[in-house]
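Enquirer: build me a structure from this.
(chains A and B)
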Amino acid sequence: MSAVMGSDGMAAMVGDREVIVCVGPGGVGKTSIAAAIGLLGARAGRRVVVLTVDPARRLADALGLAEGSDDPVVGARSVAGPWPGELWATMLDARATFDSLIRHHAADPAQAELILANRLYRNLAGTLSGTQEFMAAERLLELHLSRHFDLVVVDTPPSTNALDFLAAPQRVLRFLDSRAYRLLMAPTRSSARMVGLATGAVLRSISRVVGADVVADTSEFFAAFEGMEAGFRSRSEQVRDLLSRPDTGYLLVTSLQTDRVDDASSLVAGLGAAGHLDGRGPDGVVANRTHPGFGPWDADHWENRSRELAGTGLAAATSMLATMQRQAGEEASQLESLSTELRAGFTVPVPELDSDVHDVTGIAAIADHLAGNPIGDVAGDVADPPRSLDTSPDQSG
Amino acid sequence: MGKTTLSGALGHLAVEAGLSPLLVDVQGGHGLARAFDLPGPLDENELEVAPGIRARAVNPDATLVEYLESRGLARISRRLVRTGVLEVLATTTPGVKDLLVLSRIRQLERAGAADVIVVDAPATGHSITFMTAPRRLGTAAGTGPLASQGREVQAMLTDPRRCRAMLVARAEETPVNEIAEGAFALEDQVGVGLTPVVVNAIAPPVEPIDGDPVAMAHHAGVTLSAAEGRALTAAVAYRTHQRARHEEQLARLAKLLPLPQIHLPLVSGHGPTAMGELAQALAASIDSLGEAT
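Expert: Modelled structure (predicted):
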């Protein structure tokens, strides 16, 4: 792969993918970026839906998610704007998605109701890590199969460690695996020996420690769930297939603050380790809220100027600009090494904009930066495109 | 935002004050390890990560296993882990791992492991769940061993002489909202006392340029190009705007939350150097607050 201009790489993804997954740590503006990518798709004439996970209030308002409900046919709400395609948005409701999976796979309504009322089930969504990711992936599959959209852009739950969007659902499946429930639902002497445990005495000991009602609820859950795990597993395999396809696009969204870069790096290491990207890196890296540069001169240049202009009314400004260029330069090299380490196809920096996104205009401003033609750039006519756009690694093979 | 680096900076401050701090990571040990440029994650063993500063991790899964072992299930605890039964039981008892992690921290406190223990806690939303676990599990009516641990931990959390929560955020709209909501949630649902709120990465104040830069430079015998002049003007405009936004958020935070604020500047670079700068800024800011923290 040759080095690609960030905006070209983004345009190509938005133009031909059916699924784009945005992964990254929390607190970096990932949902806003996902919404902006959706808008780019709509501008390209496609029918796009953005699946958001936990949007900030103002962004939810901007996308029309704060009130009302999804269109019952399409399963999302329409975001109006001056584009030839369609932009839709929906917010993940992990509990509702899980409930509907239970109802769908249950043999009859009675079995479903038993599970839905069970204490373990009710705690699952909140306690078992990976449940939100599992439900986001399930919802992605639903939207993809619905035929209403050409492109699904997925915002993901914030992940700050290697437990990632792809591997997390496996935790949920392992949890539902027959081994644990076989022991607990009806431990006969033989099944208990299979897993190497004594029977009633053990359960009594466990009951004393965690409470008899906990053990009872757990047994009841797995008893009620019996027979459903096959349906869950096969549906999960469909999800995994969709996520593993070579043409499912992955974007890493991060800021270049150090805390975040390290999170991002181990996040993608986790993705690779899970084997789902077949050793390839994310298709692109979007660095959000970067420091803008101001012209081609580096920090040293402005430090010299600052010395030359000591004692004048320009001393403070030149010194300040030296610091800013140093910060911008550090960020550019951080972006470059992150991109090299992750073998990303392209990078796109999005500078820190005036405020949080409040409305569609704000989303459009981010989209303009992703498209490489920012309007009214805060850095003014003097700024060159930030250097990092040109530093995507030259990949061969 | 910058919570981990701030935890490290607090460690430095403690050392400066002649105290012996212990930093605790409760989310896998990677965060604090990276902040101190360590080659691998922290584990249950204390490590001196900087002169006078010790750090360790408390692993939620490990505390659960230890708890079972302490209750007479040592012989089967490994099998409970391997078969996934332990994870299942923990899921049916939400908050049990959080409670046990806090309980371990309480043990360290009771044992005098350090003069001050700094816990790098989960991000705001999760921290509420984390810190309400003792109250949820330690209800007055409960009688089991978990319930009594819950009550003991709750007693530590709600005693301001033993424990405080420090909230930190950047001066941006969403983080400020989250901090304000988080503070009220911590007070109502946990009952923990709060330190002054720390606001991070604040842009410095900017002097406007009093005239045309090229002319001003010329007057001082320096030839500045028109393009350089435009760059200076644009940079000053950007910083001025950014500073104004931050000040607006600081004012908004003051309205939303009647707590003193500690302001920390933008710090460039990363790792131990940035942490040192942050520690100095923190010390200066606390001095100017004029109260013991």
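Enquirer: got the residue ranges for the strands in the chain?
Expert: Since you didn't name a chain, this refers to chain A. With DSSP state E as the criterion, chain A has strands at A:19-23, A:47-52, A:77-78, A:86-91, A:151-155, A:248-255, A:284-290, A:346-351.
Enquirer: chain B is the one I meant
Expert: B:21-25, B:47-50, B:53-57, B:116-120, B:164-165, B:168-170, B:193-194, B:197-202, B:261-265.
Enquirer: surely residue A:102 and residue A:117 touch.
Expert: No. Taking contacts as C-beta atoms under 8 Å, residue A:102 lies outside contact range of residue A:117: 10.9 Å. Using the backbone N, CA and C atoms, a C-beta is placed for each residue, glycine as well.
Enquirer: so who does residue 106 touch?
Expert: You didn't pick a chain, so chain A it is. Listed by C-beta atoms under 8 Å, 6 or more residues apart in numbering or on different chains, the contact set of residue A:106 reads A:112, A:115, A:228.
Enquirer: not quite, I wanted chain B
Expert: B:152-153, B:156.
Enquirer: what's the answer for residue B:258, then?
Expert: With C-beta under 8 Å, 6+ apart, residue B:258 has no contacts at all.
Enquirer: how near is it to residue B:171?
Expert: Using C-beta to C-beta, to the nearest Å, residue B:258 is found at 18 Å from residue B:171.
Enquirer: for residue B:234, same thing?
Expert: For residue B:234, the distance to residue B:171 - C-beta to C-beta - is 22 Å.
Enquirer: ok, the closest residue to residue B:217 other than its chain neighbours to residue B:239 distance?
Expert: In this structure, residue B:217 finds its nearest non-sequential neighbour in residue B:224, 3.8 Å apart by C-beta to C-beta, 6 or more residues apart in numbering or on different chains. Using C-beta to C-beta, residue B:224 is found at 19 Å from residue B:239.
Enquirer: so which of residue A:102 and residue A:117 has more stuff around it?
Expert: residue A:102 (21 against 11; other C-beta atoms under 10 Å in any protein chain shown).
Enquirer: quick check: residues of the stretch 151-293 of chain B near chain A?
Expert: Proximity of the stretch 151-293 of chain B to chain A, by C-beta under 8 Å from any C-beta of the partner chain, involves residues B:172-175, B:177, B:204, B:206-207, B:209-211, B:213, B:216-217, B:219-220, B:222, B:224, B:227-228, B:230-239, B:241-242, B:245, B:266, B:268-271, B:274.
Enquirer: brain fart, the stretch 1-150 of chain B
Expert: Residues of the stretch 1-150 of chain B lying near chain A (C-beta under 8 Å from any C-beta): B:1-5, B:27-28, B:30-31, B:34, B:67-68, B:71-73, B:76, B:79-80, B:83-85, B:87-94, B:96, B:123, B:129, B:144-146.
Enquirer: restricted to helices, list these.
Expert: B:3-5, B:30-31, B:34, B:67-68, B:76, B:79-80, B:85, B:87-92, B:96, B:129, B:145-146 (DSSP state H).
Enquirer: what's near enough to touch the residue lying farthest from the centre of chain A?
Expert: Most distant residue from the mean C-alpha position of chain A: residue A:311, 50.2 Å away (C-alpha atoms, centre = their mean). Residue A:311 makes contact with residue B:220, according to C-beta under 8 Å, 6+ apart.
Enquirer: with residue B:128 instead?
Expert: Contacts of residue B:128 (C-beta under 8 Å, 6+ apart): B:182, B:185-186, B:189-190.
Enquirer: and residue B:208, how many residues sit next to it?
Expert: So residue B:208, with other C-beta under 10 Å, has 12 neighbours.
Enquirer: give me the nearest residue to it, chain neighbours excluded.
Expert: Nearest one to residue B:208, counting by C-beta to C-beta, 6+ apart, is residue B:236 at 6.5 Å.
Enquirer: can you check the pLDDT for that neighbour?
Expert: You'll see residue B:236 listed with a pLDDT of 95.
Enquirer: ok, it touching residue B:209?
Expert: Yes. Between residue B:236 and residue B:209 there is a contact at 5.6 Å, judged by C-beta under 8 Å.
Enquirer: shared neighbours, the two?
Expert: residue A:317.
Enquirer: sorry, back to before: just name the closest of the contacts of residue B:106 to residue B:50, please.
Expert: If you rank the contacts of residue B:106 by distance to residue B:50 using C-beta to C-beta, residue B:156 comes first, at 26.5 Å.
Enquirer: touching, that closest one and residue B:149? I think so.
Expert: No. At 10.9 Å, residue B:156 does not count as touching residue B:149 under the criterion of C-beta under 8 Å.
Enquirer: looking at those two, which is more packed in?
Expert: The residue with more neighbours, out of residue B:156 and residue B:149, is residue B:149; 21 against 17, by other C-beta under 10 Å.
Enquirer: what sits against the spatially closest residue to that one that is not a sequence neighbour?
Expert: Distances taken as C-beta to C-beta, 6+ apart place residue B:103 nearest to residue B:149, at 5.0 Å, with adjacent residues excluded. Counting by C-beta under 8 Å, 6+ apart, residue B:103 makes contact with B:63, B:149, B:152-153.
Enquirer: so which of those residues wins on neighbours?
Expert: Highest count within these by other C-beta under 10 Å belongs to residue B:153, 27 neighbours.
Enquirer: now that residue: how far from chain A?
Expert: According to C-beta to the nearest C-beta, to the nearest Å, residue B:153 and chain A sit 17 Å apart.
Enquirer: measure the nearest residue in space to residue B:131 that is not next to it in sequence to residue B:10 for me?
Expert: Sequence neighbours aside, residue B:190 is the residue nearest to residue B:131 in space, at 4.6 Å (criterion: C-beta to C-beta, 6+ apart). In this view, residue B:190 and residue B:10 are 20 Å apart by C-beta to C-beta.
Enquirer: was I right about residue A:119 contacting residue A:216?
Expert: No. Assessed by C-beta under 8 Å, residue A:119 is found out of contact with residue A:216, at 9.2 Å.
Enquirer: neighbour-wise, which of these two wins?
Expert: residue A:119 (17 against 14).
Enquirer: could you find the closest non-adjacent residue to the more buried one?
Expert: Per C-beta to C-beta, 6+ apart, closest to residue A:119 is residue A:217, 4.3 Å.
Enquirer: next: residue A:81.
Expert: Nearest one to residue A:81, counting by C-beta to C-beta, 6+ apart, is residue A:360 at 5.5 Å.
Enquirer: of the strands of chain A, which stretch is the most buried?
Expert: Greatest average neighbour count among the strands of chain A goes to strand A:151-155 (a mean of 29), per mean count of other C-beta atoms under 10 Å in any protein chain shown.
Enquirer: closest point of chain B to chain A, which residue?
Expert: Per C-beta to the nearest C-beta, residue B:270 is where chain B lies closest to chain A, at 3.4 Å.
Enquirer: distance of that residue from residue B:47?
Expert: In terms of C-beta to C-beta, residue B:270 sits 20 Å off from residue B:47.
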